[in-house]
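**Q** give me a 3D structure for the following:
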Amino acid sequence: MHHKISVITVVYNDVRNIRKTMESFFSQTWAEKEYIVIDGGSSDGTADIIREYADRLAFWCSEPDGGIYEAMNKGIGHCTGDWINILNSGDVYASATSLEDVIMEAGDKDADVIFCNSIEVHPKFKYNRFADDDPSRLDYIPTFRHGSSLIKASVHKKYLYDVSKKKSLKYSLDWEMLHRLYKDGYTFRKADVFLEEYLLEGVSNRPYNNLWYNYKITSGGGIHLKKLMFMLIQMFNIMKANSSVTAFAYSFVLEFVINSICPHIPFWTLRRPLLRLGKVRLGKGAFIMRKCYIMNANFLEMGEYSHINRGCLIDARGKITIGDNVSVSHNVSIVTGGHDAMSPDFIGIFKPIVIKDYAWLGVGCTILQGVTIGRGAVVAAGAVVTKDVGDYEIVGGMPAKKIGDRPKNLGYKCHGWSWFT
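**A** This is a model prediction of the structure:
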């Protein structure tokens, strides 16, 4: 199958953001692509910026339309690619290789919709939003960001945005279209990559309205008691999450219990349930020694028979996934958080770290955000890892570079537990 990607941006009076969105498209390394820009007749200079790129666009126009979904439908009508992606004005791709990463990860899988992770942009930080792995949850709620998906063009041209429902569903017609695809049996596949960064301040940042429109979509406009109860529980959870009591309890568990009480408990049998109270996901035989500092323990996942030794900094704010039989030596720093040094606001950035089965992190090494440590890889003592390490590679130095290879016939289990560790 060919994998030409048609990207559509719809815009109206957004002179502040349209250039960065368009430049994000043109920065993409994936060669098989085309760009379609639909402007709703802007009067603030937006059209003048689009015009600068006219010779690089497959199609563009600047004329009044009925709104964002009419504009998207118009753009779909001009697509000639195999896949369609929507890149809203103000949003950008997560990296220059985003489109390429999606196709390499899932392009050849049997899929009508490929969905991905997203990065949510707040005024002071960026936050990773992971798409749910289970497509069956689409029966109840959207599990990924519309812009962080590719829809097969032949399918999308049959399933346009139903503007006849605009008065009832307002800004939720994209989710209504995706839900129709799901209910009609089309195949959804996840590509575990980050596709787009989106601005939180967008039109759909209205949690209670979102849940109401979601109920109307998933219930088919009728009464569905189970889905009504789901909506009410979600509304309650939002109210609870925004309360000062919840904020206090959250901080108490994740900071005080995990980092002030746990380090002084000498028995792993007693520390383990407290870590699980903080939502740490621990596989069979997994073990964390005392005197580690864990940030956002609820985003830490450890596989079977993996262990973390004393004195480690585990910054899981961007999510840390550790496989089976991983050995993390003393005083290792695993850091998912950071800042954009070029940002006037010193914006915070969080990127996930993945450490695969049988990896060994040597004493005092540092693993920085966004890195994947391959299966069976070894990071030498004191090394600083700034980029991915391949399977069975041995790396060392600052920054870490490949210095050797490890045998591939690994079959051991890491056992680090004893009574007072």
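
**Q** ok, now which ones touch residue 308?
**A** Applying C-beta atoms under 8 Å, 6 or more residues apart in numbering to residue 308 gives the contacts 287, 288, 289, 292, 302, 314, 328, 332. Bear in mind the C-beta positions are built from the backbone N, C-alpha and C, glycine included.

**Q** in stretch 253-267, what counts as buried?
**A** 253, 254, 257, 258, 259, 262 (16 or more other C-beta atoms under 10 Å).

**Q** so which of the contacts of residue 308 are in strands?
**A** With DSSP state E as the criterion, strands contain 287, 288, 302, 314, 328 from among the contacts of residue 308.

**Q** which pair in those residues spans the largest distance?
**A** 287 and 314 (13.3 Å; C-beta to C-beta).

**Q** pretty sure residue 115 contacts residue 193?
**A** No - between residue 115 and residue 193 there is no contact under C-beta atoms under 8 Å: 10.5 Å.

**Q** pipe the buried residues of stretch 253-267 into a markdown table and attach distance to residue 137 and secondary structure per row.
**A** Conversion of the buried residues of stretch 253-267 to a markdown table gives the following (distance: C-beta to C-beta, whole Å; DSSP: H, G, I helix; E, B strand; the rest coil):
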| residue | distance to residue 137 | secondary structure |
| --- | --- | --- |
| 253 | 26 | helix |
| 254 | 26 | helix |
| 257 | 30 | helix |
| 258 | 29 | helix |
| 259 | 33 | helix |
| 262 | 32 | helix |
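
**Q** and of these, the nearest to residue 178?
**A** Once C-beta to C-beta is applied, the member of the buried residues of stretch 253-267 that ends up nearest residue 178 is residue 254, at 33.3 Å.

**Q** residues contacting the closest one?
**A** 278, 296, 297, 298.

**Q** quick one: it and residue 49, what's the gap?
**A** Using C-beta to C-beta, to the nearest Å, we find residue 254 at a distance of 44 Å from residue 49.

**Q** equivalent analysis for residue 345, please.
**A** 24 Å.

**Q** was I right about residue 379 contacting residue 396?
**A** Yes - between residue 379 and residue 396 there is a contact under C-beta under 8 Å: 7.5 Å.

**Q** which neighbours do the two share?
**A** Applying C-beta under 8 Å, 6+ apart, one finds that no residue jointly contacts residue 379 and residue 396.

**Q** what mean pLDDT does the longest helix along the chain get?
**A** Using DSSP state H, we find that the single longest helix of the chain is helix 225-241. Helix 225-241 shows a mean pLDDT of 83.

**Q** try stretch 121-132
**A** Stretch 121-132 shows a mean pLDDT of 86.
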